[in-house]
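Trainee: My questions concern the predicted model and sequence given below.
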Amino acid sequence: MTSRRNLNTSLLGRRMFLGGACSAAGALPFLRSFELQAGGLDAAPPKVLLVGFENGPLVGADGSGNYDGWRPGGIELPEGELPEVLPDIFEGLSPYRDDLVFLENISFLDDNTHRQTSGMLTGRKRYVPPGQAIEQYSASGISVDQYLAQELGIGVLNTAFNISGFALGESYWSYTGQNQPVTPIQNPVDAYTQVFGEGLDDGLAAEVLARRTSVLDVIAQDLQTMKARTPKADRERLEAHLESVRALELDLISGANSGCSQPDAIPGYAFLDHANAPMVVRDHASIITQAFACGAAQFATLQLGSFGGETRPQWPELGVNSNYTAHAICHAFDGIDGAGSAGLSQAQGIELGLAKERAYTQLFAEVLGKLHDTIDVDGRPLIDNTLVLYVRPMGRNHDSNRILWIAAGGDGVGVRGGRFMQVGDGGGNRRYYNDMLTTICATMGHSVDTFGDASFCQQPIDLS
């Protein structure tokens, strides 16, 4: 369990080098190598957030499975600019158009569309324990979030809404190893406690602040003393360094350059009720945002339900309200009987399916909004330093080779938005989940040639 007391210690630690190298005249080589560039001193660490929704996007208002509502018109593939207003089911993301890269035709390495969840973050085919039914499948290796936690020592926060139901392997997407799923935190109250604990009382907060500003005062005095002995050619760099120390002190005193704050405690509620899914997603998103801003985590996952589609979208505030499961709606959308869709016509399935997709889009847009509204340690919005991925385990209408993920972020994580990219053709030229997993590793500053099953790896997908 990590308390707020632990979180705040990192805010100064990341920038202590500002004074450490300049306490004596021997710092001149350091000064001469000092880069006078915006953000050079206060670089924020990269972060990754995966937001996952059930099944695959439903496209084609006539149930035909064409690209209506998915691919913007007028794009000359394999790449083109997104229009100012996004089409149909993604229209709610239009305010964030400049942050987005649509990634079309990612393929999964298992042709069974209902057996993909365990491989989304592991890049490996599923594992079925000996003597168990296929429904008990699991992952056959470690997932990228847990791998990076081990390699980099970063904090990971796994959250979800109600993952019960359907097959075991469709409930978990994070693993520490073969058949070792990580159970995400489903109750936002528990997530809040894990991140903030008992919080930082006012007396201790004042003590910590006084200690840190005192250290900075000493550093500033040393730098002023050095200034008189510094050659004229180096004084500009020294002055810039001194200004950075002053800015850091103001940062600590006013909190103007960091969105780190402890949100109000979350009251308990029925967090497993389908009608409360939007509230659960919003609460988890708020906690994740503050965990990023406070340095408690650099990687997080937010999962809406079992990826098999057992959630019932009873969300009138988002424009959809049905007692049918998401999976049943998908079947009715395509005119396929079964999966609990009895009594649901295809026309009703299409109407509910498109409404459900728009609800997912709205929730994802709200997550992006929180990242836009929260300031990172470098004074920029968190979104600039966070790679956010809208993730679906299946492709359009249950396809396994035409999967659409959406990347969002800024130049702090190498994302150049406003684009639509066809990363593969879904046929002979396939780009698998694995290439997105190596992209994630590179974003976190840990470049690897392969992740998961190397035979499914080509190279990281360039988001810049």
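Mentor: All right, it came through fine. Residues are numbered from 1 along each chain as shown.
Trainee: okay, CA-based contacts and neighbour counts for the rest of this
Mentor: OK.
Trainee: element containing the residue nearest to residue 318 when sequence neighbours are not counted?
Mentor: Using CA to CA, 6 or more residues apart in numbering and skipping residues adjacent in sequence, the residue nearest residue 318 is residue 359, 5.3 Å away. Taking DSSP states H and E as the criterion, residue 359 maps to helix 346-373.
Trainee: Now do that helix: which elements does it pack against?
Mentor: Judged by 3 or more CA pairs under 8 Å, 6 or more residues apart in numbering; DSSP states H and E, helix 346-373 is in contact with helix 277-294, strand 320-321, helix 326-333.
Trainee: residue closest to the middle of the chain?
Mentor: Nearest to the geometric centre of the chain sits residue 49, at 1.1 Å (CA atoms, centre = their mean).
Trainee: For that residue, give its distance to residue 455.
Mentor: Noted for residue 49: a distance of 26 Å to residue 455, by CA to CA, to the nearest Å.
Trainee: what do you get for residue 196?
Mentor: 42 Å.
Trainee: Counting neighbours, go ahead and name the busier of these two.
Mentor: Shown here are residue 196 and residue 455; by other CA atoms under 10 Å, residue 196 has more neighbours (26 against 11).
Trainee: Look up phi and psi at that one.
Mentor: Note on residue 196: backbone dihedrals following degrees, to the nearest 10 are phi -110, psi -20.
Trainee: Could you do residue 431 as well?
Mentor: Dihedral angles for residue 431 - degrees, to the nearest 10 - are phi -120, psi 120.
Trainee: and it, how many neighbours?
Mentor: As a burial measure, residue 431 scores 28 neighbours (other CA under 10 Å).
Trainee: List of residues touching the helix or strand where residue 147 lies?
Mentor: Using DSSP H and E, residue 147 maps to helix 144-152. Helix 144-152 is contacted from outside by 121-122, 154-156, 174-176, 299-300, 437, 440-441, 451, using CA atoms under 8 Å, 6 or more residues apart in numbering.
Trainee: quick one: average confidence on it?
Mentor: In this model, helix 144-152 has an average pLDDT of 97.
Trainee: In the stretch 201-350 of the chain, mark out all the strands, start to finish.
Mentor: Per DSSP state E, counting those that start in this stretch, the stretch 201-350 of the chain carries strands over the ranges 299-304, 314-315, 320-321.
Trainee: ignore the last one, the stretch 51-200 of the chain
Mentor: Listed in chain order, the strands found in the stretch 51-200 of the chain under DSSP E, counting those that start in this stretch are 79-81, 100-107, 156-161, 175-177, 180-181.
Trainee: hang on, the earlier thing: pick the one among the contacts of helix 144-152 closest to residue 387.
Mentor: Checking these against residue 387 by CA to CA gives residue 440 as the nearest, at 8.0 Å.
Trainee: so what's the closest one up against?
Mentor: Each residue near residue 440 by CA under 8 Å, 6+ apart is listed here: 48, 144, 387.
Trainee: Of the residues you listed, which is the nearest to residue 381?
Mentor: Among those, residue 387 lies closest to residue 381 (CA to CA), at 12.5 Å.
Trainee: give me the low-pLDDT residue ranges for the stretch 251-400 of the chain?
Mentor: Residues of the stretch 251-400 of the chain that meet the criterion pLDDT under 70 lie in 251-258, 397-398, 400.
Trainee: Also the stretch 101-250 of the chain?
Mentor: Across the stretch 101-250 of the chain, the ranges flagged by pLDDT under 70 are 111, 113, 198-220, 223, 227-228, 232-234, 238, 241-242, 244-250.
Trainee: thinking again about what came up before, export the helix holding residue 147 as CSV, just CAs?
Mentor: The C-alpha coordinates for helix 144-152 follow below in CSV (Å, rounded to 0.1, in the frame of the first residue of the first chain):
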residue,chain,number,x,y,z
VAL,A,144,3.8,-5.7,-20.7
ASP,A,145,2.6,-3.7,-17.6
GLN,A,146,4.0,-6.2,-15.2
TYR,A,147,7.2,-6.7,-17.2
LEU,A,148,7.9,-2.9,-17.2
ALA,A,149,7.2,-2.8,-13.4
GLN,A,150,9.9,-5.5,-12.9
GLU,A,151,12.4,-3.9,-15.3
LEU,A,152,11.9,-0.3,-14.4
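Trainee: Would you mark the buried spots in that helix?
Mentor: 144-148 (16 or more other CA atoms under 10 Å).
Trainee: Am I right that residue 179 is in contact with residue 140?
Mentor: Yes. Residue 179 lies in contact with residue 140 (CA atoms under 8 Å); the separation is 6.3 Å.
Trainee: Between the two, tell me which one has more neighbours.
Mentor: Taking neighbours as other CA under 10 Å, residue 179 and residue 140 compare with residue 140 leading, 24 against 20.
Trainee: What's the local residue count around the residue lying closest to that one once chain neighbours are set aside?
Mentor: Nearest residue to residue 140 in three dimensions, chain neighbours excluded: residue 178, at 4.2 Å (CA to CA, 6+ apart). Using other CA under 10 Å, residue 178 has 17 other residues around it.
Trainee: contacting residues around the nearest residue to residue 176 once chain neighbours are set aside?
Mentor: Leaving out its chain neighbours, the residue that sits closest to residue 176 by CA to CA, 6+ apart is residue 142, at 4.8 Å. Counting by CA under 8 Å, 6+ apart, residue 142 touches 122, 174-178.
Trainee: out of those, which one sits closest to residue 365?
Mentor: Closest to residue 365, out of all of the contacts of residue 142 and judged by CA to CA, is residue 174, at 23.4 Å.
Trainee: Helices along the stretch 151-300 of the chain, start to end?
Mentor: For the stretch 151-300 of the chain, the helices defined by DSSP state H, counting those that start in this stretch occupy 188-196, 202-229, 232-254, 277-294.
Trainee: Buried ones in the shortest one, by neighbour count?
Mentor: Going back to what we said before, that points to helix 188-196. Applying 16+ other CA under 10 Å to helix 188-196 flags 188-189, 191-196 as buried.
Trainee: check which helix or strand covers residue 429.
Mentor: Using DSSP H and E, no helix or strand contains residue 429.
Trainee: burial measure for it, as a count.
Mentor: A count of nearby residues for residue 429, using other CA under 10 Å, gives 11.
Trainee: now residue 132
Mentor: Quick note: residue 132 (other CA under 10 Å) scores 9 neighbours.
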